[in-house]
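K.L.:
sequence unknown, structure follows:
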Ligand SMILES: Nc1ncnc2c1ncn2[C@@H]1O[C@H](COP(=O)(O)OP(=O)(O)OP(=O)(O)O)[C@@H](O)[C@H]1O
């Protein structure tokens, strides 16, 4: 899995602004996933999943370890082959999709600004580096080398890279993993801001942040979507007060799930 993810750089090229679309166009989903199945041998990682993501919204993919979140987001990014179903991504943009992998790899000797410029050159984009670093809050350190960034700053650089070219669909795989509470809140704010210009699909284990930023939460369990709604409606439908409690109600077997699935495959 590590080898594959090393290659997970966001692809594609610059978008014309989706914000100039008509109101009628704005009502159309940016992403349509239908009956999607992704299997690795006998293991069905994504099992008959369908959902849409509307422009100007944040959709959060949540679920236990091994429930299929990364596989689903990589299938949407066209980085893993699909076995059944369809993924309709934006077509109107030169760079339709921006993607932050779970473990982004940067050239350590480059500065923040050089990293974004390098990436823009690589993908044939023009990039306003100042705007890109300011958007994620790295405006104070454009000349700092990547190998001197904190973990949180590196995540922010990854988000900035994912937004080079203003893609109408931005995919972020665990953008706040391992961050302290303050940086987690900052990343949540950045994601909310991104949704002003794009549809954003995010995987996360941080249910407090998800509760704050999600317009739609997709709860995955063993590769299937077991619930899809706003945080408030998920809580109401489960009679719970927070998303974590709602998840406990919705997900059948959180502990031991990975072992169980792998045992099924191995057996
Ligand atoms: N390249 C691969 N080859 C074989 N199996 C894989 C591969 N990628 C993922 N899997 C399996 O697919 C299942 C779903 O994995 P995935 O990484 O999508 O889950 P996840 O919900 O993102 O997990 P986590 O929260 O731990 O990141 C797991 O059982 C995993 O072992």
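P.N.:
Cool, the structure landed. Note that the structure is predicted; figures quoted are calculated from it, not measured.
K.L.:
pLDDT below threshold where in the chain?
P.N.:
In the predicted model, the chain carries pLDDT under 70 at residues 1-27, 92-93, 253-267.
K.L.:
Swap in 80 and give it another go.
P.N.:
By pLDDT under 80, the weakly predicted segments of the chain are 1-27, 92-94, 122-126, 252-267.
K.L.:
can you tell me which helix in it is longest?
P.N.:
helix 181-194 (DSSP state H).
K.L.:
Give the next helix or strand downstream of it.
P.N.:
The helix or strand immediately downstream of helix 181-194 is strand 199-203, counting by DSSP states H and E.
K.L.:
Break the chain into its domains for me.
P.N.:
Each structural domain of the chain that the record assigns through the TED database is listed here as a residue range: 26-92+170-255, 95-167.
K.L.:
now these in JSON lines, with distance to the ligand and mean neighbour count?
P.N.:
(Each C-beta comes from the backbone N, C-alpha and C, glycine too.) Shown next, in JSON lines, are the domains of the chain (distance: least, Cβ to the nearest ligand atom, whole Å; neighbours: other Cβ atoms under 10 Å):
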{"stretch": "domain 26-92+170-255", "distance to the ligand": "3", "mean neighbour count": "19"}
{"stretch": "domain 95-167", "distance to the ligand": "7", "mean neighbour count": "19"}
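K.L.:
any chance you could map the helices in this protein?
P.N.:
Read by DSSP H, the chain holds these helices, from start to end of the chain: 2-6, 23-26, 69-76, 112-122, 129-136, 151-162, 181-194, 207-213, 231-238, 243-250, 257-266.
K.L.:
Out of these, which is closest to residue 54?
P.N.:
helix 23-26 (8.5 Å; Cβ to Cβ).
K.L.:
thought residue 178 was touching residue 150?
P.N.:
No. Residue 178 sits out of contact with residue 150 when judged by Cβ atoms under 8 Å, with a separation of 10.6 Å.
K.L.:
quick one on the thing from earlier: residue 83: which of the helices of the chain is closest?
P.N.:
helix 69-76 (9.6 Å).
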